[in-house]
Every structure is written in structure tokens, then in C-alpha cells.
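[1] got a predicted structure here, sequence first:
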2 protein chains.
Amino acid sequence: MEQETSKITFNISKEKNFSEWYSEIIAKAELADLRYNVKGFLVFQPWSVEVMEIMYDILESILKRKGHRPYWFPAVIPEENFKKESEHIKGFTPQVFWITEAGNEKFNEKLALRPTSETAMYQMYSLWIRSYRDLPFKAYQRAQVWRYETKATRPFIRSREFYWVETHNCFATRKDSELQIKEDMETTYELLFDNLCVPSIFLERPQWDKFPGAITTSAADTLMPDGKMIQLPSTHLLGQGFAKVFDIKFKDNDKKEKYVWQTCYGPAISRIFAGLISWHGDDKGLVYPFKVSPIQIIIVPIYKTENKTKVIKKSMALKKKLAKEGFRVNIDLNETKPGEKFYFWEMKGVPLRLEVGEREINDKEYILFLRDENRKIKVDEEKLTKLIHDEGKKFDERLKKKTKEKFESSIVSAKTKEEIKKAVDSKKIAKINFCSLEKDGEKCAEVIEKEINAEVRGKKIENEEKPSGKCVICGKPAKVVVYIARSY
Amino acid sequence: MEQETSKITFNISKEKNFSEWYSEIIAKAELADLRYNVKGFLVFQPWSVEVMEIMYDILESILKRKGHRPYWFPAVIPEENFKKESEHIKGFTPQVFWITEAGNEKFNEKLALRPTSETAMYQMYSLWIRSYRDLPFKAYQRAQVWRYETKATRPFIRSREFYWVETHNCFATRKDSELQIKEDMETTYELLFDNLCVPSIFLERPQWDKFPGAITTSAADTLMPDGKMIQLPSTHLLGQGFAKVFDIKFKDNDKKEKYVWQTCYGPAISRIFAGLISWHGDDKGLVYPFKVSPIQIIIVPIYKTENKTKVIKKSMALKKKLAKEGFRVNIDLNETKPGEKFYFWEMKGVPLRLEVGEREINDKEYILFLRDENRKIKVDEEKLTKLIHDEGKKFDERLKKKTKEKFESSIVSAKTKEEIKKAVDSKKIAKINFCSLEKDGEKCAEVIEKEINAEVRGKKIENEEKPSGKCVICGKPAKVVVYIARSY
């Protein structure tokens, strides 16, 4: 289907009406169609898929560089496997889709459509891992998972089918597995910030909010324009719980049989995409980072009947030149007015627009529009590819600077319940001294949830902060500095 | 898990014991593990996944170049959709996995786990396509599909879960849709032969063997070493049948509302992989084409205690140099003998091996082993990257020449039933004059199946051959030249 330039411009305040902005831009930019006739399932359209494909490429190449190898495991898991780890089954059972028949045959044992793959993968690990020489064992798969969410679904953020990567890793010692958590944190920052210009903070979750079957869960949280946090990739220190039920043992250096220590990590590409568009978009529509935009440069020819051939010919030549340099470039040849094309591609979030008219051709100097700053600059034809390269880089650097500053200024210290409330009411994250993230702190978290409608998201795991004084809620000595926010 | 050099060498005659060869190499080279505890489902391991990922990249880039755009549709399809097209439901129902519950809730309407996506996609098409300007509409998705196969499953060739791409396209006229079938044929040859060095013949299937709901089905068939054909990508001229039940209409140039003409095309990556390893492998194991091998060059350092540091240092430097040029290169640093490493990587099918010893370092001339020909040549250090580039190209050219010659010589003309039998008994494809691929020819096909245990695969669609004389089976005037072979 040809990209058609629409006559209606997009104009919704992202800050004031985020919910409306989010729904409207998904429809307008054709990111996803929500009219599929199964609740909670949606159709992802090219303008989101093409970005998510690039995100997959980036993530998978980071994982491979760090020694993970790709597997494809079945999407179905026998009920028997699923029931092996008691916490896991308790946590996931309410969310599992079950396959109970095929053709005209009813199954004796039903099959789970994977909500996550621990119980599919670990029985195989027990067949594969024999010796300390097999460790570390670092595997990943690119996959979809299905969860029968009971909470309200929201496109890209929470749906009953989502796209992710899951890594599942085994180590000889607890120490090694803990180092993997740090590596996952670095991978997360590399993906989110270095490549997608999305800021986040990596937090270890409270004990009452961890992954079913894990010792600890840590995750990158980012802030949406409406002041709510969403969880982006999470990583779990699984300990030896799964290893014991799935019998994953190795003969160590010292000839003794030992259970492996495990971790798993699950970046949900479709949810990260939600963070990406929400951070960078503005009232005119999407803003895609140069690095991941399916079209990095859109060429708009500006012509009259008498010079149409000349302008289009030159535009095509420029497209060819840029494509040859490896840029993702396109040219809008629709029979609509330049102004409409401008609006359309601005709404679509294409970072750079090259305007080609007769004067520009004669002057050998073109106009380059920078989507993020709504600003035009002139670029010399001679140095075009070099300049586009530089402007692409600068584009993403500006996004990073802007989002980082905004995110950092959103974190405020709070010393009282009122200050917490004030922070989250003004769409910010409150940082407070807190009694405990162990079981005994849960009551204070409940107070925060009940009275302020906000959530204890956890504590930093890098440069862990020292608490001082008392827990803002219960007044007992503070053991930890925690972050509090509203959430989806 | 580190690649470990095994002490046992692989040695099975592919021609004599193909079935054993196939099973053993899958286990030995760690392509897939068949011990997953759901029948017909298997775990794909890195040494196959890494090739299939490259195959996906190649295929998707061809499709994008030809104007297809990527979508992700849900994996679940309501029963109601599924039932809309009567032929389709009849053909697929016996193979469908059904989801009937989630959490603790039983569904009112069950959901099909997609066996193919027509009935998921076309209801959306009816929302999207409005005008002749929206046509051609060419979409694809990279996806898994699930089919409850009742025939014997066989890894990569036929399993209950497989990996494919499906394109689904709409056109204004029948003519346009027929041209798409030709384009799909070219895409198939480009993928299979130009990139994977796998020969095939593109045949239009008999009417009694078409896709449920299609006007015609055409597919690329290739020959396995045991003389059986397997179907690789297939493409279907759907006509307007689905358009009518899913109401996909457009307003044409002449202002009239018309139903679209549709095609769909489904290259199964995992099955093509089966063809790839079966064509190129030999009695020592796999042979991967240079273009798609996860490791294109394996460097084996050959050292004694006294020169170990020097040799390894140089090997690492060579690896870095080649990696920088974009080659997929690795170095085997295991503490095993060079001979064992040679066997191991030959079994794994790595096309080129670079041997680095002290003498080679001093002479600035290394030994390059060519896996397909079991032959060593010398390569000058100065020209290393250029030579590797050339040898990689030559490697794949040799594979193409060899497989093409073999495939072409496997097709023999037959004038009697006995000649057909002789051909298929000697693992060949028989070409015969035949009465008809319409309904009235089915009886003759049944004779061939019953008496010779072979199948009428169809007729060529490019350079269609003129029949002469009578049908080899019934003696009526021949209307078509068809190809006959044993099959899986």
C-alpha cells in the first residue's frame, strides 16, 4: 500500500492529554490496528514493525557479543512441566492460555501456550549441561509469549500477546550469576539509552514484587508523559530453585556434582517501543531516533509543471546516492502539495527531511529539516553524505540529552507522605528513606499504595544509595533508599 | 556452552543410508534436539538457528525490495473466522490446535492456533483496502505456524511447529495476481539457488492437490538424496474466493466496486534448511554454503609448547583482520589436537579453514582448507582478505554447479509405466506425457500412486512444455507434460 499523504494534520498535546495522544498517534501513524476480533490481541503494522525489527537486530547483536547463543524452543509446554516449580505455577497459572484439543482429538494432558519459557527450556538444560566446562551456559530466544492479562490492556504496553527476547543462563556459582544481573543492566542501558535514547533507572524490586520463583528481580523503569512508570526489561536471579526441580547439575572442577545458578532476562520489544514513542513524540506526532527510523531521510521534491522532470530526476539521484551510503532513504512522489507531505512525514516521525527544489538544485545547496527541533538548515551538495551522517548523529545526541535531563529532574527526594504525594501528583518519581524491601516492609508499601496510589518500585543496584534517618512511612530506622511512582 | 571438539569422527554414507545420515548429523552437529516432551515439537539449536536467521534476512530483504511490507498478526484466530471459507476449513480443520481455556476460564468460542494466516489477515484487509490506489497491497509476516500433522514427523521436514514467512497480496485484476505467482517463483529461485545453492523446479500442482481455497497452487520441488521430493516454497493463486467471504472490495478507476484478486506465498525456512543440509552434506558431515555459514572461516592454530604464544597471537590478529572485513570468523582455542579440530569443524560444515603454524607465520603464507573439495591451497598473507573473499565466492559457485548438474541429470523422460518405475526406483524424477491435471486426470495419478508408489507433482509454469502423443497411463491424448517422483 502506498504511503498516502493525509490532509488532516496531527495536533494533540502530549503533556496535557497523553492518553488521547497515545491512542490517536497509534491509529494516525498506522502503528497498530486494534480492531482484531480477539480481545487483547492486536495487529502490528509496518511503521512499528520496521522499528521493532531494527530493535531486535540491535538487541540480538549485543547479546551475541556477550556470549549468548540463539535457540528456538517450542511455543507449547506440557502442563506437567509447568507444575514443577511451585511458585512459578502459582504466579503464572491465572495467565495461561491452554490448548486442550487438536483436530477432533481431546488431549489427555493440556498444553500451555508459553507465557515465559523457563519450564520449556530447563528440562533440556538438564540434558545438555554436564560439566563445569559447559558453564557459563548463555542462551536466548526471540519469541512471542501469550498471557491472559486480567488488567486493562493497552497497545504495546500490555497485551495478551507480546514480542520479546528471553535469555536463560546457567552458572557455576552464585557470584557468577550475580555478575550476569549487572551485565543485563548494562545491556539494558545500551539498548534503551545508547540506541533508542530512552532513559531509565534500573531497580531491584521489593521481595513482594519479584518474579515467581526468583530470589530477586531487577528491572529498568522509565517514566511515561503522564507520570506513570512502566517496567522495561527485567532480569531475575533465579538461584538454584529451578535447577533443583529440573535437575540441572554439573560436575565441578572438584569432581563434585552441583546444581547450577540461574538467571533469566526478558526485554519486551513491543513494550520498549511504547516507551520510545512516548518519550520522543511531540504534539505534531512521532519522533523516531535516527538510528532506528525505518526512513531516516525523506526527500520531498518541490516543483511546478515546467520543472517537474528536472526536480524529480535530481531527487531520485540524491536518493540513490544516500541509499548507496547505507542510509534508509525514501522519496515522496505522491501528487500532493509539499506542505501536506511535510505534515505527513513529520507526523510519522521521520528525523530528517531533504527539500529539493529548482533553486536548491541550481545553488547546489539543499534544505534539511530537523524533526526534533522543527528547524531548517542548509546542506551543501558536495558534502551531503557526510553532513547527513553528522546530522543523524547529532539528532540522536539531542534526544539523549533532552530525555536524560528530563528524567533526572523527575526524580525528587521526599521526606514526608505529603511530599511523596506532591511528587507523584506532579508526574514525578519520589525517592525516600524506607524501612525494608524484605517482607517486613510490605506494610509500608501498602500504606503508600492505599493513601497515595503509588508504588514502591525498588532500590538502585548500581551505586546503591545509603539511607539516613527513619522510614518516611513507619518511622523505623531506614535500611534502604527506594523509588516511588505511579504505574500502569 | 563452548564448542567442544569431539573425539569421534562422523562417517556415514549419505547416498547409501540417507535416513541414518540425516538423523545422525542432526544430533552430532547439534542442529536440533528431538527429546522435547511434546510429540512433533523440537528444540532448534544454535548451529541451525544461526543459518536460518541468515536465511530469514535474505528472504525478507528480497521481499522488501519487491514491495512487500512487514506485519505481525496475532497467533490466535477465532473459530468464527476460520469457518468462513468452506474449502479452507475443510482442508485445515483436522490440523488445528485449539485453545479452549485460559486461567480458570473456559471460552465460549475456541481459538485456533494459526496453521496459516488467511483467516486472521483478510478480515483486516477488508478494513484497510478501499480504493484502486491501495493496490497492489503486498504484506508479509515472519511467523511460526502450528499444524497437528498426522503424517510421520521428521525434524525440519515436517513437524507440528514450523518457522516460515507468509506473504498475502491483493491486486486489482486477475492478470496482476498471476504476475505475482511469477514473481514468487523468481523470489524462490533467488533464495534457494542464488543464495543457498539449492536447485529446484517450480511446478503447478494438479487440481486435486492444491491449497484449500485456491485456484492453483505452484511450488518449488527439490530432490532429496534418497530420491524423494520435498515441497519447498509454495504460492497460491487465490482468486476472489476469500475476498468474497471476507468482503475485500475496492473502488476501481471506473468508480465500480470490485473484489480484489489474491495470492499468498509461504516459504518454510525450517524445511528449506532440510533441503540445504541434504544437498550439500557429504559422508564427513555438513557442508554449509559460504554465504550462510554462521562461521565462514575457522582458524586453527597449530603449535607446540615453545611457540604457543606466538602462534595464538598471530591467529588472533588474523581473526581480527578478517572480522573487520565483515567475515564471520572464529578461532578454535580448545586444548585438543589440531586433527580433532579439523574433524570437528569439517563435520560442522564450516566452508573454509585457515591453518596457522610457525612455518606459515614465517613464510607469510597460510594453508586454506576447502571443505567441499577436501583440498588445501596456499594463501598469501598480503592478499588474505581478497583471497578469502574470492574463495568464498568460488566455494558457492562450485556448490551451485554441482547441485545443478546433479538435479538436471535426475530428470529423465519416461515413455512407459516401467520406465517411470525404473526412474523413481533409481532416485530420479520421471517426466511424462499426461492426460490432464484437471479433475479428469486424477484417476491416472491414482494408478501411478498405486502401482509405482509415486506422485504426479505437476507441470512447469515457465517455458511450459508441449506434450506429444498419448498419456503414458490411459492412452488418451496427452494435454500436459508432468513430473513424477516419490515424496515425503
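    On my side now, so go ahead.
[2] who in the stretch 101-250 of chain A is up against chain B?
    With CB under 8 Å from any CB of the partner chain as the criterion, the stretch 101-250 of chain A meets chain B at residues A:101-105, A:111, A:113, A:120, A:123-124, A:127-129, A:133-134, A:137, A:144, A:146, A:148, A:150, A:161, A:163. The C-beta positions use only the backbone N, C-alpha and C, and glycine is treated the same way.
[3] does the residue nearest the centre of chain A count as helix, strand or coil?
    Centroid-nearest residue in chain A: residue A:272, 1.6 Å away (criterion: CA atoms, centre = their mean). Under the three-state scheme (DSSP: H, G, I helix; E, B strand; the rest coil), residue A:272 adopts helix.
[4] secondary structure class for the closest residue to it other than its chain neighbours?
    If the residues on either side of it in the chain are set aside, residue A:272 comes closest to residue A:232, at 5.5 Å by CB to CB, 6 or more residues apart in numbering or on different chains. For residue A:232, the assignment made with three-state DSSP gives strand.
[5] wait, doesn't residue A:232 sit right on residue A:220?
    Yes - counting by CB atoms under 8 Å, residue A:232 does reach residue A:220; the two are 4.4 Å apart.
[6] more neighbours, those two?
    residue A:220 (26 against 23; other CB atoms under 10 Å in any protein chain shown).
[7] how close does the more buried one get to residue A:231?
    The gap separating residue A:220 from residue A:231 is 7 Å, by CB to CB, to the nearest Å.
[8] hang on, the earlier thing: could you pick out the buried ones from the residues of the stretch 101-250 of chain A next to chain B?
    A:101-103, A:111, A:113, A:120, A:123-124, A:128-129, A:134, A:137, A:144, A:146, A:148, A:161, A:163 (16 or more other CB atoms under 10 Å in any protein chain shown).
[9] tell me which element residue A:152 falls in.
    According to DSSP states H and E, residue A:152 maps onto no helix or strand at all.
[10] check what pLDDT the residue nearest to residue A:272 gets.
    We have a pLDDT of 96 for residue A:232.
[11] does residue A:480 touch residue A:432 like I think?
    No - in this structure residue A:480 lies outside contact range of residue A:432 using CB under 8 Å: 9.6 Å.
[12] neighbour count winner among these two?
    Comparing residue A:480 with residue A:432 by other CB under 10 Å, the one with more neighbours is residue A:432, at 26 against 23.
[13] how about the secondary structure of residue A:93?
    Residue A:93 falls in the helix class when you classify it by three-state DSSP.
[14] pull the contacting residues for it.
    Going by CB atoms under 8 Å, 6 or more residues apart in numbering or on different chains, residue A:93 touches A:82, B:103.
[15] just after the helix or strand of chain A with the lowest mean pLDDT, pick out the following helix or strand.
    Using mean pLDDT, DSSP states H and E, the weakest-scoring helix or strand in chain A turns out to be helix A:86-92, at a mean of 80. Following helix A:86-92 in sequence order, the next helix or strand is strand A:97-102 (DSSP H and E).
[16] how about stretch A:257-274: buried residues?
    Across stretch A:257-274, burial judged by 16+ other CB under 10 Å covers A:259-274.
[17] hang on, the earlier thing: helices or strands up against the least confident helix or strand of chain A?
    Contacts defined by 3 or more CB pairs under 8 Å, 6 or more residues apart in numbering or on different chains; DSSP states H and E place helix A:86-92 against helix A:79-82.
[18] flag every buried residue along the helix it packs on.
    By neighbour count on 16+ other CB under 10 Å, the buried set for helix A:79-82 is A:79, A:81, A:82.
[19] quick one: average pLDDT of it?
    91.
[20] tell me what it is packed against?
    Helix A:79-82 packs on helix A:86-92, strand A:105-113, helix A:118-128, going by 3+ CB pairs under 8 Å, 6+ apart.
[21] can you list the buried residues in the least confident helix or strand of chain A?
    Residues A:88, A:89, A:91, A:92 are the ones in helix A:86-92 that count as buried (16+ other CB under 10 Å).
[22] what's whatever residue of the stretch 151-300 of chain A ends up closest to chain B sitting at in phi/psi?
    The nearest approach of the stretch 151-300 of chain A to chain B comes at residue A:161, 5.8 Å away (CB to the nearest CB). Reported as degrees, to the nearest 10, the phi and psi values for residue A:161 are phi -140, psi 130.
[23] relative to residue A:115, how far out is it?
    Distance, residue A:161 to residue A:115, by CB to CB: 11 Å.
[24] and what of residue A:478?
    Residue A:478 sits 36 Å away from residue A:115, going by CB to CB.
[25] and if you look at residue A:18?
    29 Å.
[26] how about residue A:249?
    Per CB to CB, residue A:249 is found 27 Å from residue A:115.
[27] more neighbours: which of those two?
    When residue A:249 and residue A:115 are compared for neighbours, residue A:115 comes out ahead with 22 against 17, by other CB under 10 Å.
[28] report pLDDT for the residue lying closest to that one once chain neighbours are set aside.
    Using CB to CB, 6+ apart and skipping the chain neighbours, the partner closest in space to residue A:115 is residue A:147 (4.7 Å). Looking at residue A:147, its pLDDT reads 96.
[29] one more: residue A:85?
    78.
[30] what's around it, how many residues?
    When neighbours are counted by other CB under 10 Å, residue A:85 registers 22.
[31] how far away is it from residue A:240?
    11 Å.
[32] ok, now which ones touch residue A:277?
    A:22, A:25, A:31, A:156, A:286, A:349.
[33] take those and keep only those in strands.
    Among those, no residue falls in strands (DSSP state E).
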